[in-house]
Structures are given as C-alpha cells and as structure tokens.
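Visitor: Would you be able to build a 3D model of this:
(one chain, ligands or ions: 1)
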Amino acid sequence: HQQLTPFPQGFMWGASTSAYQVEGAWNEEGKGPSVIDHAVFNAELSDFKVTSDHYHHLQEDIALFAELGLKTYRFSISWARLFPEGTGEINPLGVAFYQRLIDLLGQYHIEPLVTLYHFDLPWALQQQGGWSNPETIAAFEEYARTAFRLYGDRVKYWLTINEQNMMILKGEVIGTLPADTPDPQRALYQQNHHMMLAQARAMIACHQMLPTAKIGPAPNISCIYPATSRPEDVLAANNFSAIRNWLYLDLACFGRYNATAWSFLKEKGYLPQITDDEMALLRQGKPDFIAFNYYASATVGADSAKDKPESGAANRAVDQQMAGIDRSVYVGVDNPYLQKNQFNWYIDPLGFRITAREIYERYRLPLIVTENGLGAFDELASGNKIYDDYRIEYLRCHLEQLQQAISDGVEVMGYCPWSAIDLVSTHQGIGKRYGFIYVNRDEKDLKDLARFKKKSFFWYQQVIRSNGEDL
Ligand code: BG6
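Guide: Alright, predicted model coming up:
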C-alpha cells in the first residue's frame, strides 16, 4: 500500500501469558494439580513449580505492565486454582487471587482478556478420562459460568480454549491423551469434538449471562504454502490447511465440520461420534471475534516421506505442527525463502498478513492476535541490561505486516504478543525467553527472580504511546 491505514483508535495493545507458565505457586493456597503438574519434563530444564513466580510478584508485575503502557493484558485462569477437583467445591483463595489481579488491572486501566483454559486441565478430571470423557464438557461449562459470575462485571473479553488445534495435532506432546490409549488418532478427534461442545456451551453461557461481553476461540493459525506450484503440492497445502486450521474455526464459527477435513477423518477411520443435538448446539454457540496465535507459516508437499527425506532439525517447527497427521499424505518441507530463529522456527512476517487475510475473508469477524513473538536466549549484560534487538526486529516486522493487513481491509481489534514477561516455554525451559521483562533466574537456579526491563520494553512502550506510528 502506498498509504497505510493507521492502527484504529482504541486498538488493544497488549501482551500475553498463561497461568501455568507464569504464576508458579503450583500447590499453594488450595490450588489443585493440573495435567502439567503430572507431566514428565526434560530434567535439564525448568519445571512448572515456580516459573516466574508471578503469583507472589503480582503488584510489581502489573505495575510494570502499566509502565509498559499495556492497554490489554491477556492471561489465563488456572482452572485447578478455582476448582481444585475440576468441578464441585470452589477454592476461595484462588477466587481471591484473580480478583486481586483483575482489580489491579482496573486500577491501571488495563483491559483484561481472559483465557479460560490454556493447556492445564485439572488432574482430577484427567484421571476420569479428561477430554475423552463427555462429562468434562459439563465441568468446563460450570467452570466458565463460575468465572463469568465472579469476574464478568469487570472482564469484557473472554477466550475459550487456547490452541485447541495444537492440543489435537500434537496430542502426544501438549494434549491430554494418556500414552496407552488405543486408536489414539480417533480418540483425539473425539476429544476435539468434546472440546468444541464445551466451547459452544461456554459461548452460549457468556452471551446469556453477560450480554455486553465478547468471547471467541484462540487457535494457532498459519497460512500453508505449497512446496512448489505443482498442483499436487497445492492440493496437499490446501488439505493440510483444512486439517490444521479450518476444521477448528469452521466448527467454532459456522457450527459445521469442514468438508475436506471430514473426508480425511472418515477415510482414516478417525470420525468422532456425534449426535444431531450436538450439531445443533455447535450452530448455536457463536463467537464475537476470532483470536489467533501466529508464530510462522508452514510449507508442505505431496510426496510421501519415504520418497523425500526431510532435512531434520531445520524442519522442526513444521514437524511439530504435523505430528499426529499421517505423514504419508503430507510432508513438511523447508522454505528456502525464510530465515529461522535460534530454535529453528521460521520467521515469516508476510505470512502473518496472509494468515490474517485468510481468516478474515473466511469468517468476517474482527480479529485479535493473542500470540506472536520470538523465543531467544537473552543475555543479561552488565548493569542488568538486555539488548534484545532481534526481538524488536521480529515484532516490528510483524506489526508492519499487521498494519498492511489492516490496510487490506482486515478488521483487527488488537495485538498481544507472547509474552508480557519471561516465563517457562512449553518444552524448552525458561532459557527460551519471550518477554519484554526479564526474570532473573536460570533453569535450575531461581536466583532472586528480580525483574529487569529489556530494550524491547522501551521500544514497545513507544509503539503503544504512538498508537503504532513509531514502529
Ligand atoms: C503457543 C502457546 O503454542 O506458543 C504458548 O500457546 C507457548 O503456551 C507459545 O509458550 C510458544 O511456544 P514455546 O513452545 O516456545 O513455549
């Protein structure tokens, strides 16, 4: 565009975290265990017991977010902190913690954007089958209704489930499927169906209980490139996009299964059990906006894995996204046009614009970016300085493309990069840092957990101050 459309007035400049990655206090003040507390981690890396100890640094952290200038803060409620058993008895100290958090945000005029469920299913529910058990749907609705009742007077923006698509596609890594489940793929798509129903019920409840609030799903969406212009590769990319992206958003927004994804599930024998009443419920639950997380695009080809050996580590981000999908049908390939970060994740700002356009054209709902960011091994320099110019560069390029997308006509409500403050990554420890604020600890040595503002802190502060004019 020769002339860019400015970021809208009231744009929700924000930043994100999730409860289990930032709070710590994993077994304090009545919190029940979640699947995370029972997971087996790489022994060299940090576990999720203390993380950034946000639970005990609440005032300090929110004051820093205010200094950063955040208009919005995206955080998740730990379901097991509210309901230690997943359902039934509520934990008053857990209730009070989020009350304090939301009150503090109110004092600083920061709009809360609350994720109900970010990977940390209560362990008590998991023991009864987790998302394979249809009773978990009712437990989620009860939990969601409780959150709406407790916090709905101050929380106007809600997210249902974080990256449900990744929980299914990477079922064995961040999902909740027990390792010995027979027919795991079919079981995962049944779990997916249950999560969809749970989400629909939460959206319906939100609209009933809080008529002025807004709620939406928060999947991880990436545009998918074909390996070449060969029609077979284009078809493979199209198929993969249906299975990776549209299956989830079509169900959330249209209340129907994506036709391509459905035929894939049918052919593979992965079809979930579904009733007409359930499909009616899915049509009834409607999101007000679409939140999405974007880190990178993916590139796939049609050749089977055995014909075309992959290039190992370089392809890892795609591999991760592809896990769980039949590898003889879709093959992740390298994209020679893109750079990679220290963790071999591709960096693709233009893909961000393409992704935003694809989502908006398909659903015509306002979008909010709930994650985007760069994981890196930051170095603490003398004087407690962190010169994370690479992060600034990543975020700047992505924001430029977001503004291009806005100029293309995409309605974007806000941008919440990952993460507001350093926290423990899903699988790569605290050393893989994403925050604007450094947390002084190592994988094993908790040090003093002091907070230091990174160079990107001051950059983002100015971005927000100028409503995106000074990128
Ligand atoms: C998203 C998750 O998948 O990506 C976050 O919603 C996660 O929880 C983020 O931390 C970055 O991934 P990772 O694996 O580097 O922590």
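Visitor: how about residue 292, secondary structure?
Guide: With DSSP: H, G, I helix; E, B strand; the rest coil as the basis, residue 292 sits in strand.
Visitor: what's the burial count for it?
Guide: A count of neighbours around residue 292, defined by other CB atoms under 10 Å, yields 23. To be clear about C-beta, it is placed using only N, CA and C from the backbone, and glycine gets the same treatment.
Visitor: what pairs with it across the strands?
Guide: According to DSSP bridges, the partner residues bridging residue 292 are residue 369.
Visitor: residues contacting it?
Guide: 218, 219, 220, 221, 355, 359, 367, 368, 369, 370 (CB atoms under 8 Å, 6 or more residues apart in numbering).
Visitor: For the fifth one, grab the count of nearby residues.
Guide: So that's residue 355. The burial count for residue 355: 24, using other CB under 10 Å.
Visitor: any idea how far residue 293 is from residue 161?
Guide: 12 Å (CB to CB, to the nearest Å).
Visitor: Then residue 243?
Guide: Applying CB to CB to residue 243 and residue 293 gives a distance of 17 Å.
Visitor: hang on, the earlier thing: now the common contact residues for residue 161 and residue 293.
Guide: residue 218.
Visitor: hey, which helix or strand in the protein has the poorest pLDDT?
Guide: helix 316-322 (a mean of 47; mean pLDDT, DSSP states H and E).
Visitor: For the helix or strand that comes right after that helix, which helices and strands make contact with it?
Guide: Heading C-terminal from helix 316-322, the first helix or strand you meet, by DSSP states H and E, is strand 331-332. Using 3 or more CB pairs under 8 Å, 6 or more residues apart in numbering; DSSP states H and E as the contact test, the elements touching strand 331-332 are strand 298-301, helix 316-322.
Visitor: Quick check: next helix or strand after strand 331-332?
Guide: strand 339-340.
Visitor: Paired strands for that next one, with orientation please.
Guide: strand 346-347 (antiparallel).
Visitor: what comes up buried for the following helix or strand past the strand it pairs with?
Guide: Per DSSP H and E, the first helix or strand lying C-terminal to strand 346-347 is helix 349-363. In terms of neighbour count (16 or more other CB atoms under 10 Å), helix 349-363 has its buried residues at 349-360, 363.
Visitor: Any idea how far helix 349-363 is from the middle of the chain?
Guide: Mean C-alpha position of helix 349-363 versus that of the full chain (CA atoms, centre = their mean, to the nearest Å) differs by 17 Å.
Visitor: Can you name the two of the buried residues of helix 349-363 that sit furthest apart?
Guide: Farthest pair in the buried residues of helix 349-363 (CB to CB) is 349 and 363. Separation: 22.3 Å.
Visitor: Buried subset of the contacts of residue 292, written for PyMOL?
Guide: This is the PyMOL syntax for the buried subset of the contacts of residue 292, where burial follows 16+ other CB under 10 Å:
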select buried, resi 218+219+220+221+355+359+367+368+369+370
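Visitor: overlap between the contacts of residue 292 and the residues near the ligand?
Guide: residue 220 (CB under 6 Å from any ligand atom).
Visitor: Which positions in the protein make contact with the ligand?
Guide: Within the chain, the positions near the ligand by CB under 6 Å from any ligand atom are 18, 21, 162-163, 166, 220, 293, 371, 375, 418, 425-428, 432.
Visitor: would you turn the buried residues of helix 349-363 into a markdown table with distance to residue 465 and pLDDT?
Guide: As requested, the buried residues of helix 349-363 are arranged in a markdown table below (distance: CB to CB, whole Å; pLDDT from 0 to 100):
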| residue | distance to residue 465 | pLDDT |
| --- | --- | --- |
| 349 | 22 | 98 |
| 350 | 27 | 98 |
| 351 | 28 | 98 |
| 352 | 23 | 98 |
| 353 | 24 | 98 |
| 354 | 29 | 98 |
| 355 | 27 | 98 |
| 356 | 24 | 98 |
| 357 | 28 | 98 |
| 358 | 31 | 98 |
| 359 | 28 | 98 |
| 360 | 27 | 98 |
| 363 | 32 | 98 |
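Visitor: would you turn the residues you listed into CSV with distance to residue 130?
Guide: Listed next are these as CSV, based on distance: CB to CB, whole Å:
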residue, distance to residue 130
349, 37
350, 38
351, 33
352, 33
353, 37
354, 35
355, 30
356, 33
357, 36
358, 31
359, 29
360, 33
363, 29
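Visitor: Grab the nearest non-local neighbour of whichever residue of the stretch 351-471 of the chain sits closest to the ligand.
Guide: Of all residues in the stretch 351-471 of the chain, residue 425 sits closest to the ligand, at 3.2 Å by CB to the nearest ligand atom. Nearest residue to residue 425, sequence neighbours excluded (CB to CB, 6 or more residues apart in numbering): residue 432, at 4.2 Å.
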